[in-house]
Every structure is written in structure tokens, then in C-alpha cells.
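Student: dropping the sequence and predicted coords here.
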Amino acid sequence: MADSDGFKYKGDFRIFENVDELATGLVDYIAEISEMSVKERGFFSIALSGGSLISFMGKLCEAPYNKTVDWGKWHIFWVDERVVAKNHVDSNYKLAKEVLLSKVPILPSHVYSINDNVSAEEAASEYEFVLRQLVKTRTVNVSESNDCPKFDLILLGMGPDGHIASLFPWHASLDLKDDWVTYITDSPKPPPERITFTLPVINSASNVAVAVSGAAKAVAVKLVIDGYCKESTEFATALPARKVQPSDGQLVWFLDNEAASKLDSVASQPPPV
Ligand SMILES: O=C(O)[C@H](O)[C@@H](O)[C@H](O)[C@H](O)COP(=O)(O)O
């Protein structure tokens, strides 16, 4: 449905019976984009968020992916990171390392984690500097319409408030146009200090996937995809996830039945016989 300003939400969605099937669908898709990117560019640049998304990715360590994926070509980034030590329980890097990076042959020099020895502000500007170098060498592709990095794949989760990465509803960071990476010190989801890609970078990617599960997210999913929800007084336009609209790329949602349960297209299906 179009918003009052005529904005019409674009994106595909895939709905799965349960989180196990969602995880299989997601890793199949990641393996496919990886193969395509390596064929086209010789590299695969992938940016990860934190949260349950990473547990879904655990299936990449299993057959057939552990053998068929060209791990040596992967370059791994973080869409957002909590400003904590890399061995801290809140670190997105630590989670990805435990679930995936320590179990597959990704080259340590291709893992671009955030400097955990400096302030949030310094970490964000250092990370942007690193990205600029990698865009120059085209390890990360560049967008043709702006000078932003064009990641082969950006993976996002979504909170019940509609946040993605560390971009939260009504936060000034949502309006940044020129920065690639920014920092916040007031995250409503702990811990408070985080660094995050900005919307222009997320929306410049070739592919963006949002993986969401559970009934607690159903209202936000409905607001973002359908643009309204009778059970909520929130404005759909305020949800950061609704601002994820790749300008020249594909957006795919991976949902389990519970998260998708309020969508128009699902609610209008006849009940199974
Ligand atoms: O570091 C973070 O906190 C995240 O990157 C954040 O954006 C996360 O992806 C969502 O909050 C969904 O997390 P869950 O899937 O665990 O609910």
C-alpha cells in the first residue's frame, strides 16, 4: 500500500514454516549470491549485523556449504557493532566468530572487524577509512549513482521497534546523507554505544536480506511491508526498516510464519485444508 506521500514499498518476501527452514532458505540464498559475486567480480563482500541472524548463519558450517562455498573469496564486514571489547559477550564480532568464522576457512585478513581500543567516534571514522581504501581497490564494489560502497550482500535483522543495524526510530543518524559509517551513544537497545552503516550505504548494496522470526516482530513486519497495522499507533514511516529500499539492488525478507502472520498477503490466504 502507498503512503500518503505516494511512497510504495518494494521488496520480496519468503515465508517459512519455522526458524529451521528460514535458516536453510537464508543460507541457500547467501551461498547463491556468494557464487554469483565470485563469478562476476572475483570477490564476495558481505556485511553482517548481530542478533539471531548469526545463529541462522550457523548452517553455513554444515554440508554442503562448508565444501561448496568459496570461502577464500569472502570479505566480511559489520553493518553495525557494539562498542565493546572483541571478547565481550555483547560483541557482534565475537558472536560471528564463534558461530561461523572460526569454523570455515575464511582468511583472517579478509575479516574487517571494528577497532575496539578507541572511542565510538574514532572507531566509526576508522571503519569508514578502511572501507574507502577497499572501495578504491574494488574489493568492495562502488555504486554507479553515488560514490557509496556497493556490498554484494548486506544482512540485517530487525527489532520489534523496527530498527535495523544500529539505526533506531526517530534518531538523527537516519538523516545522514554523506557519512558511510556513524556512531551513536544512546542506543535504546543495550549496549548504548554502537557504530553503524548509514542508510545511503545500506541502500547502495546489490542485495539486502532482512531475516526476522517470532510473533513479537509481527506488528513491525506488517507496518514495514504493508505500511499500516490496525494494532499499532506507530507511524510506519518512522520505522527504520521501512527506509531500507536499495536504489539499484534487490531486497528480500526471510520470515517465519509467526513474524509474517499479520501480513495482508498471508492473512488473505485460505486456511490449509
Ligand atoms: O547488534 C545489534 O543489536 C543488531 O545488529 C540489531 O540490528 C539486530 O540485528 C536486531 O536487533 C535484531 O536482533 P534479533 O534478531 O536478535 O532480535
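Tutor: Nice, thanks for sending it over. Residues are numbered from 1 along each chain as shown.
Student: got the residues of the stretch 101-250 of the chain near the ligand?
Tutor: 157-159, 163-165, 189 (C-beta under 6 Å from any ligand atom). No exception for glycine: its C-beta is placed from N, CA and C like everyone else's.
Student: which ones are touching Asp161?
Tutor: 168-169, 188, 220, 239 (C-beta atoms under 8 Å, 6 or more residues apart in numbering).
Student: how about Arg41?
Tutor: 138, 141, 152.
Student: 10 Å - rerun?
Tutor: By C-beta atoms under 10 Å, 6 or more residues apart in numbering, Arg41 lies in contact with 73, 138-141, 152, 206.
Student: next one: Asn203
Tutor: 143, 146, 148, 154, 197, 243-249, 251.
Student: from these, which has minimum pLDDT?
Tutor: Among the contacts of Asn203, Asn146 carries the lowest pLDDT, at 92.
Student: looks like that residue contacts Ser204 (just checking).
Tutor: Yes - Asn146 is within contact range of Ser204, at 6.5 Å (criterion: C-beta atoms under 10 Å).
Student: more neighbours: which of those two?
Tutor: The neighbour comparison of Asn146 against Ser204 (other C-beta atoms under 10 Å) goes to Ser204, with 26 against 15.
Student: please state the backbone phi and psi of that one?
Tutor: Phi and psi for Ser204, reported as degrees, to the nearest 10, are phi -100, psi 0.
Student: ok, it - contacts?
Tutor: Counting by C-beta under 10 Å, 6+ apart, the residues that Ser204 touches are 141-151, 154, 180, 197, 246-249.
Student: quick check: ChimeraX command selecting the buried ones in those residues.
Tutor: The following ChimeraX line selects those of the contacts of Ser204 that are buried, judged by 16 or more other C-beta atoms under 10 Å:
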select :141,143,148,149,150,151,154,180,197,246,249
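Student: contacting residues around whatever residue of the stretch 101-250 of the chain ends up closest to the ligand?
Tutor: Closest residue of the stretch 101-250 of the chain to the ligand, C-beta to the nearest ligand atom: Gly157 (2.8 Å). Residues near Gly157 by C-beta under 10 Å, 6+ apart: 48-54, 56, 79-80, 163-165, 210-213, 217, 241.
Student: just checking, which of those residues belong to strands?
Tutor: 48, 80, 210-212 (DSSP state E).
Student: closest one to Ser173 out of these, please.
Tutor: Asp80 (10.5 Å; C-beta to C-beta).
Student: can you give me the helices for this protein?
Tutor: Along the chain, the stretches classed as helices by DSSP state H are 19-41, 52-57, 65-68, 92-96, 120-136, 199-202, 218-226, 257-260, 264-267.
Student: CSV for these, including mean pLDDT?
Tutor: Putting the helices of the chain into CSV (pLDDT from 0 to 100) gives the following:
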stretch, mean pLDDT
helix 19-41, 98
helix 52-57, 96
helix 65-68, 93
helix 92-96, 98
helix 120-136, 98
helix 199-202, 98
helix 218-226, 97
helix 257-260, 98
helix 264-267, 77
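Student: sorry, back to before: any chance of the contacts of Asp161 in a markdown table, plus neighbour count?
Tutor: Output for these, formatted as a markdown table (neighbours: other C-beta atoms under 10 Å):
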| residue | neighbour count |
| --- | --- |
| Phe168 | 22 |
| Pro169 | 16 |
| Pro188 | 13 |
| Ala220 | 25 |
| Leu239 | 24 |
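Student: Throw these into CSV and include distance to Arg14, thanks.
Tutor: CSV is the format used below for the contacts of Asp161 (distance: C-beta to C-beta, whole Å):
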residue, distance to Arg14
Phe168, 26
Pro169, 25
Pro188, 29
Ala220, 18
Leu239, 20
